[in-house]
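S.K.: Got a sequence here, can you build the structure:
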Amino acid sequence: MASSQGFSERDICTKFITPAVEKAGWNKMTQLLEEVYFTKGRITVNGKRVSRGESKRADYILYYRPNLPIAIIEAKDKSHAVGDGIQQALEYAEILDIPFVFSSNGEGFVFCDKTDSTSSREIYLPLDQFPSPDDLWSRYVIWKSLTPQAQQIILQDYFDDGRGRKPRYYQVNAINRVVEAIAKGQKRILLVMATGTGKTYTAFQIIWRLWKSKNIGRILFLADRNILVDQTMVNDFRPFGSAMAKLTTKSKSIDKDDGEGVKLVTAIDKNRRIDTSYEIYLTLYQSITGVEEVKKIYRDLSPTFFDLIVIDECHRGSAAEDSAWREILEYFSSATQIGLTATPKETKYCRFAHLTRVKGN
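M.R.: Numbers count the residues shown, from 1 in each chain. Okay, the predicted model is just below:
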């Protein structure tokens with residue numbers, strides 16, 4: 001091997017690290033990203049002065065599948081020891097939910113396997129012994145105790161709109177954690193994300209992957225305000241297309257974010273009969289229940305009709321023990337239920353047993 005003495009950090013990456021990773025079987029176009037900026041830096045306000053802190057950049061992130069990051073590499077030039085980047089890489093790996101961590105100065109790799117608590121945390125690997133994608137995935141599967149069915153769900157791709165829109169790192173964390181929890185049999189999940197961090201888009205990607213994996217059939221998205229349902233249908237949920245309808249008798253048009261008008265498809269006729277031919281349903285609590293028994297039209301459906309229910313702003317409407325709307329969740333109790341909120345209220349009566357917390361940047 002040629003000596004890396006005198007090369008810059010970028011030279012080390014181009015001439016030594018990238019070739020070693022590619023030789024191990026990683027696809028440069030689909031599995032390897034270099035110089036990945038994943039935060040813009042913390043905003044600090046001091047009186048009238050506003051400043052932004054240092055952004056965070058990973059030298060390499062390796063993906064087993066798109067948006068399924070599995071390894072991170074921190075590169076250093078030859079003036080550093082091979083393992084000098086490991087602490088920084090571990091810090092980034094903690095933020096990005098990445099289990100396999102590497103540092104390199106072009107002479108080899110120091111490897112830290114966060115999934116293995118029984119062996120030495122850091123080992124040295126020659127350049128030609130970098131693990132393959134399948135090697136790391138096998139370790140991941142053992143660590144997470146994933147069955148073949150769970151793997152099939154977890155490996156389902158995200159929705160790609162073809163315009164380059166991708167989930168932010170904390171959205172990726174949330175999506176992957178929730179999909180994995182459901183794949184492993186978790187039935188009640190509370191997803192906590194700060195206001196403005198994209199809960200609805202995150203929910204869409206979760207639903208998309210579960211729906212496309214064929215393990216989830218019919219889905220109900222519940223909200224307590226019309227605008228939350230209507231804007232969700234014409235914007236983030238639009239890719240569901242003809243598989244989606246609103247549980248209401250009132251047909252109307254609404255403008256998308258780009259100003260184009262869209263007519264909402266409805267799934268309740270004038271006789272208040274539900275069309276069961278759709279797969280994705282969105283509705284207000286008020287549209288399918290009420291004080292009078294005749295208004296509880298959700299009871300026209302089988303208790304097992306929905307496989308997944310997503311409750312937007314679940315700290316309102318359905319959270320209270322004495323809420324009339326909560327009876328909807330209890331009726332469809334066999335469904336997996338995901339609550340979305342920015343302001344969780346935890347009590348001994350908390351409905352959602354599994355808590356997934358994600359902090360926005």
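S.K.: correct me, but D113 touches R139?
M.R.: Yes - taking C-beta atoms under 8 Å as the contact criterion, D113 and R139 are neighbours in contact, 6.7 Å apart. Glycine gets a C-beta too; all of them are placed from N, C-alpha and C.
S.K.: For the closest residue to H315 other than its chain neighbours, which residues count as its bridge partners?
M.R.: Distances taken as C-beta to C-beta, 6 or more residues apart in numbering place T341 nearest to H315, at 4.6 Å, with adjacent residues excluded. As for beta bridges, T341 partners with V192 under DSSP bridges.
S.K.: T341: what's it in contact with?
M.R.: By C-beta atoms under 8 Å, 6 or more residues apart in numbering, the residues touching T341 are 190-192, 313-315.
S.K.: list residues touching both of D113 and R139?
M.R.: The contact sets of D113 and R139 overlap at 99-100 (C-beta under 8 Å, 6+ apart).
S.K.: didn't G290 look like it was pressed against R299?
M.R.: No - judged on C-beta under 8 Å, G290 makes no contact with R299 at a distance of 11.6 Å.
S.K.: For the one helix or strand L222 maps to, what does the pLDDT average out to?
M.R.: Here L222 sits within strand 219-223, counting by DSSP states H and E. For strand 219-223, the mean pLDDT works out to 94.
S.K.: go on, stretch 122-136?
M.R.: Regarding stretch 122-136, the rounded mean pLDDT is 96.
S.K.: Contacts for it next, please.
M.R.: Here stretch 122-136 has contacts from 1, 16, 20-21, 23-26, 31, 62, 64, 70-71, 82-83, 86, 100, 102, 104, 106-113, using C-beta under 8 Å, 6+ apart.
S.K.: Any quick ChimeraX command for the buried ones out of these?
M.R.: Here is the ChimeraX command that selects only those of the contacts of stretch 122-136 that count as buried (16 or more other C-beta atoms under 10 Å):
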select :16,20,21,24,26,31,62,64,70,71,82,83,86,100,102,104,106,107,108,109,110,111,112,113
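S.K.: which one is the most centrally placed residue in the chain nearest to, not counting chain neighbours?
M.R.: Nearest to the geometric centre of the chain sits I175, at 1.5 Å (C-alpha atoms, centre = their mean). Spatial nearest neighbour of I175, excluding adjacent residues (C-beta to C-beta, 6+ apart): Q205 at 4.9 Å.
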